[in-house]
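Engineer: Please work out how this folds:
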Amino acid sequence: MTPDAHTPDGVRLQKVLAAAGYGSRRACEQLIVDGRVTVDGRRVELGTRVDPATAVVHVDGVRLQLDDTKVTIALHKPAGVVSSMHDEQGRPDLSQYAAERDERLFHVGRLDEQTEGLLLLTNDGELAHRLTHPSYEIPKTYVATVRGQVPRSLGRALLDGVELEDGPARADRFTVLETLPTESVVEIELHEGRNRIVRRMLEHVGHPVTRLVRTRFGNVRLGRLKPGHTRVVEGTELGTLMSSVDL
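Structural biologist: Coordinates of the predicted model:
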């Protein structure tokens, strides 16, 4: 047993793992025996007890959120809603989607008023800070409807980078999903978070955006979540998100 990771009056680690959804206590004991569990960065042995309020537990490198006061929510933000918990101009804002929650939530980054799609709300300040910090380079994926037929050369231009008024911008991935007579549907992934960056990049190359939807933030996907609806991000999905920013 690793003494520094052991809290004598804590909860048995296999009980904590089982409560987090990792199977029966016997199955969780095997995870510990196999060396797949760390506490505060150290591999531990069977018999370890932890304080769920303070222990940092990972299984196969994925963080367990043991603090049940912390919550992270995925919202499908509709167009026409501003990314603010309270808009002084009286426009529709995010407060309506947190009205039934007891926690004081705030948004992770923002989407411009007319952009739809995935926006995270949380009361975990450290997670929010890291997810929006440029050093972690969290990838974000968007599906954009743009004017005109997109040529094959456009993808290479965006991957190489374009020069905007506030500096260069580069896509990490670009795919043409559909080409119609007067418009195209494209998917673009990038890790930058500058204001209206996707719209500005596509307009710069001659294909203004008519509709923009964010479909992924890190490992969290919009999926079939309908506009104006929310769901709790939890389990391995949350753990993977936390691990991506070294939590």
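Engineer: my guess is R63 meets M242, correct?
Structural biologist: Yes: when contacts are counted by C-beta atoms under 8 Å, R63 is listed as touching M242 (4.1 Å). Quick note: C-beta positions are derived from backbone N, CA and C, even for glycine.
Engineer: Neighbour count: these two, which is higher?
Structural biologist: When neighbours are counted by other C-beta atoms under 10 Å, M242 comes out ahead of the other of R63 and M242, with 25 against 22.
Engineer: what's the more buried one in contact with, if anything?
Structural biologist: When contacts are counted by C-beta atoms under 8 Å, 6 or more residues apart in numbering, M242 touches 63, 65, 127.
Engineer: Just the residues you listed: which are in helices?
Structural biologist: Residues of those located in helices (DSSP state H): L127.
Engineer: Take the contacts of M242 and write them to CSV, including distance to G193 and pLDDT.
Structural biologist: Conversion of the contacts of M242 to CSV gives the following (distance: C-beta to C-beta, whole Å; pLDDT from 0 to 100):
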residue, distance to G193, pLDDT
R63, 22, 90
Q65, 24, 86
L127, 15, 95
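Engineer: Tell me which stretches of this protein form helices.
Structural biologist: 13-19, 25-33, 95-98, 125-132, 153-160, 197-204, 235-243.
Engineer: want to throw the ones you listed into a markdown table with distance to P181?
Structural biologist: As requested, the helices of the chain are exported to a markdown table (distance: least, C-beta to C-beta, whole Å):
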| stretch | distance to P181 |
| --- | --- |
| helix 13-19 | 56 |
| helix 25-33 | 56 |
| helix 95-98 | 37 |
| helix 125-132 | 39 |
| helix 153-160 | 17 |
| helix 197-204 | 19 |
| helix 235-243 | 39 |
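Engineer: Give me the below-cutoff pLDDT ranges for the protein.
Structural biologist: Screening the chain residue by residue with the criterion pLDDT under 70, one finds the ranges 1-5.
Engineer: 50 - rerun?
Structural biologist: Judged by pLDDT under 50, the chain has its weakly predicted residues at 1-3.
Engineer: D87 and D9, how far apart?
Structural biologist: Spatial separation of D87 from D9 under the definition C-beta to C-beta, to the nearest Å is 48 Å.
Engineer: Which one's more surrounded, the two?
Structural biologist: D87 (15 against 6).
Engineer: Next, the contact list for that one, please.
Structural biologist: Counting by C-beta under 8 Å, 6+ apart, D87 makes contact with D93.
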